[in-house]
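> Have a look at this prediction, sequence included:
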Amino acid sequence: MSKVVKFGGSSLASAEQFKKVGKIIRADKDRRFVVPSAPGKRDKKDTKVTDMLYACYDLAENGKSFSKELAAIKARYQEIIDGLELTLSLDAEFKEIEKQFKAKAGKDYAASRGEFLNGIVMANYLGYEFIDAATVIFFDEEGNFDAEKTNEILSKRLTGLKNAVIPGFYGAMPDGKVKTFSRGGSDVTGSIVAKAAKVDVYENWTDVSGFLIADPRIIDKPVGIDTITYRELRELSYMGAGVLHEDAIFPVRQQGIPINIRNTNSPEDNGTWIVGSTCQKSKYVITGIAGKKGFCAINIEKDMMNSEIGFGRKVLQAFEENGISFEHVPSGIDTLTVFVHQDEFMHKEQKVVAGINRLAKPDMIDIEADLALIAVVGRGMKSTRGTAGRIFSALAHANVNVRMIDQGSSELNIIIGVANEDFEAAIKAIYDIFVLTKL
Ligand code: ASP
């Protein structure tokens with residue numbers, strides 16, 4: 001058995017946190033490959049090293065002095081090195097960083113140094129080999145992740161190695177220039193390393209004990225999720241459930257490697273298992289609820305729309321021409337509604353309407369703003385009768401007016417549209433009916 005272990009920024013924010021991480025790694029010899037993030041916040045008011053690096057580079061790029069800011073970053077690492085009683089010096093690395101900042105090496109290079117340096121500290125602390133991610137993780141000319149090249153080179157590099165530290169978040173372009181994934185991208189690196197090393201489990205260590213059924217900012221102490229499938233998670237994270245970077249699922253999913261979300265501050269908790277498929281029933285009919293505010297619904301009506309071939313395509317073309325992606329398109333006999341993000345749509349509203357008029361010649365277009373979408377997700381819904389009925393009677397009891405219903409053909413989720421101001425009440429009502437009353 002072997003595992004890749006990825007530790008997030010809050011797990012590596014101080015020497016004290018590093019010691020917890022060291023203990024976790026040493027407790028299980030299967031934990032062979034370690035992917036660290038940059039040091040995160042030590043407390044609520046603190047700044048992540050990644051953000052310090054962005055701010056510092058900004059000064060460098062504008063030709064301003066950045067020595068004070070770079071010294072503050074160096075101090076963050078020195079505090080960790082001293083706290084761990086290591087005899088490691090990062091002087092040479094910081095000299096090089098200063099030089100590269102002056103030469104305007106780029107924002108991505110700057111941000112990546114957070115993980116790069118933390119990887120060096122981690123490798124030194126554990127006595128493991130350090131592998132610079134720029135030598136094993138690759139992007140193509142367009143800046144897209146190059147999965148094939150990476151897998152080939154990385155798996156070769158890891159063959160025969162018992163242990164190694166590979167910093168998260170970045171890789172290199174074909175010309176050698178450093179490029180990062182989007183924010184939170186160390187999760188993606190962990191998944192890529194898990195795939196290349198063909199491990200049995202990808203452990204992702206963070207500061208919560210896995211996923212919760214609902215957002216704790218809305219529900220007081222929501223129940224945790226023991227097991228969730230990749231597909232369920234996709235639905236939930238798309239709808240705003242945080243914890244794991246969206247793209248982290250793909251590399252391991254292809255190989256059927258499960259992800260185990262664990263809590264560095266509470267390592268005895270089992271956390272959440274993210275798996276391909278499972279015969280384990282979730283404790284409740286639903287696995288999770290997530291949602292987002294700030295959508296617009298564009299309702300389009302046309303007599304005999306139903307029999308007009310290509311009507312939907314023409315409507316959607318108007319959105320495409322304006323670079324707007326749509327979220328959901330529920331339709332009736334003579335109506336079609338397109339849900340879009342309000343902030344994306346707002347500035348282009350009249351252009352899109354003109355486009356729909358020109359291309360699809362509808363009878364009427366009506367726009368509704370300030371809507372929220374809620375996804376109720378659960379693999380158990382397929383085999384349970386009355387789930388939708390329960391959801392809607394709970395919403396009716398909570399006085400929430402349902403503006404849209406869309407059940408995905410996978411029967412894995414039901415999407416509900418409500419007014420922004422009903423968002424919290426709707427989530428509470430759904431949580432109560434399935435979890436608290438265990439119906
Ligand atoms: N350090 C990077 C960030 O703050 C990447 C990561 O932590 O995954 O976004």
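Thanks, I have the structure now.
> Show me the shaky parts of the stretch 301-439 of the chain.
For the stretch 301-439 of the chain, the stretches flagged by pLDDT under 70 are 409, 438-439.
> Tell me which stretches of it form strands.
For the stretch 301-439 of the chain, applying DSSP state E, counting those that start in this stretch gives strands covering 326-328, 335-341, 364-377, 404-407, 413-419.
> The stretch 51-200 of the chain now?
129-130, 164-165, 170-172, 178-180.
> Partner strands of the last one and their direction?
Sheet partners assigned to strand 178-180 using DSSP bridges are listed as strand 170-172 (antiparallel).
> contacts for the partner strand?
Residues outside strand 170-172 that contact it (Cβ atoms under 8 Å, 6 or more residues apart in numbering) are 108, 111-112, 115-116, 133-139, 145, 150, 178-181, 185, 189. The way it works is simple: take the backbone N, C-alpha and C, and place the C-beta from them, glycine included.
> can you check stretch 50-65 too?
Stretch 50-65 is contacted from outside by 9, 38, 66, 69-70, 72-73, 76, 101-102, 104, 107, 110-111, 113-114, 169, 183, using Cβ under 8 Å, 6+ apart.
> Out of the residues you listed, which sit inside helices?
Within the contacts of stretch 50-65, residues falling in helices by DSSP state H are 69-70, 72-73, 76, 101-102, 107, 110-111, 113-114.
> out of those residues, what pair is the most spread apart?
Arg76 and Lys102 (21.0 Å; Cβ to Cβ).
> Those two: which has the busier surroundings?
Each of Arg76 and Lys102 has its neighbours counted (other Cβ atoms under 10 Å); Arg76 has more, 22 against 11.
> From the ligand, how far out is the more buried one?
13 Å (Cβ to the nearest ligand atom, to the nearest Å).
> pretty sure that residue is in contact with Ala38, am I right?
No: taking contacts as Cβ atoms under 8 Å, Arg76 lies outside contact range of Ala38: 9.2 Å.
> for the strands of the stretch 51-200 of the chain, which one sits closest to the ligand?
strand 178-180 (7.5 Å; Cβ to the nearest ligand atom).
> is the closest one anywhere near the ligand?
No: judged by Cβ under 6 Å from any ligand atom, strand 178-180 stays clear of the ligand, getting no closer than 7.5 Å.
> For the residue of the stretch 101-250 of the chain found nearest the ligand, give me its contacts.
The nearest approach of the stretch 101-250 of the chain to the ligand comes at Ser186, 3.2 Å away (Cβ to the nearest ligand atom). Taking Cβ under 8 Å, 6+ apart, we find Ser186 in contact with 6, 8, 35-37, 115, 167-169, 245.
> what do you get for Lys179?
Lys179 neighbours (Cβ under 8 Å, 6+ apart): 108, 139, 143, 170-173.
> swap in Ser237?
So Ser237 contacts 243-244, 246, 290 (Cβ under 8 Å, 6+ apart).
> List only those of those flagged as buried.
By neighbour count, with 16 or more other Cβ atoms under 10 Å, the contacts of Ser237 hold 243-244, 290 as buried.
> Thr206 contacts Gly8, correct?
Yes: with contact defined as Cβ under 8 Å, Thr206 reaches Gly8; the gap is 4.5 Å.
> Now for the two: what residues contact both?
Listed as contacting both Thr206 and Gly8 by Cβ under 8 Å, 6+ apart are Thr264.
> sorry, back to before: which one of the contacts of Lys179 is nearest Ile120?
Tyr170 (13.9 Å).
> Enumerate the beta-bridge partners assigned to the closest one.
Beta-bridge pairing for Tyr170 (DSSP bridges): Thr180.
> Can you check the pLDDT for it?
Predicted confidence (pLDDT) for Tyr170: 98.
> so how many other residues sit close to it?
By other Cβ under 10 Å, 25 other residues sit near Tyr170.
> From Phe169, how far out is Lys104?
20 Å (Cβ to Cβ, to the nearest Å).
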